[in-house]
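[1] Sequence first, then the predicted structure, then my questions.
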Amino acid sequence: MADFRTSLSASTPDRALPPPLAALWWAAKGNWDQAHKIVQDESDANSAWVHAYLHRVEGDLGNAGYWYRQAGQPAAKDSLEAEWARITAALGGGGAA
């Protein structure tokens, strides 16, 4: 699998990134519309988790709660930065979730 952290220096995401990581890539680059577009039609739990995070960052807590439930994740109680680290570690193989 492509290395998420390494790919952040590129001008486009690595095609080998799965949709949840590709969405996080676009979010890290500041393109929230593209990030949402990538995960909104995916049906797996990791995409739902990332979608929840995106809504949480934007302050849309109602939609965030819905997507956390779809992901089977508890509503996040940690900081946005800590959740970013937890998601990228879990999805990118960079450490414990």
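    Received, thanks.
[2] what are the ranges of the helices in this structure?
    Taking DSSP state H to define them, one finds helices in the chain at 4-7, 19-28, 32-40, 45-57, 61-71, 80-92.
[3] Just the angle for the third one relative to helix 19-28, thanks.
    Here the directions of helix 32-40 and helix 19-28 differ by 170 degrees (axes from the mean of the first three to the mean of the last three Cα atoms, to 10 degrees).
[4] For helix 32-40, what does the pLDDT average out to?
    Averaged across helix 32-40, pLDDT comes to 93.
[5] List of residues touching that helix?
    The contact list for helix 32-40 (Cβ atoms under 8 Å, 6 or more residues apart in numbering) reads 19-20, 22-24, 26-27, 47-48, 50-51, 54, 58. Placement of C-beta: from N, CA and C, glycine included.
[6] pretty sure residue 48 contacts residue 70?
    Yes - if you go by Cβ atoms under 8 Å, residue 48 and residue 70 touch, sitting 4.0 Å apart.
[7] which residues of this structure score low on pLDDT?
    Along the chain, the parts satisfying pLDDT under 70 run over 1-11, 14, 93-97.
[8] check contacts around the residue nearest to residue 56 when sequence neighbours are not counted.
    In this structure, residue 56 finds its nearest non-sequential neighbour in residue 64, 4.1 Å apart by Cβ to Cβ, 6 or more residues apart in numbering. The contact partners of residue 64, taken as Cβ under 8 Å, 6+ apart, are 52-53, 55-56, 75-76.
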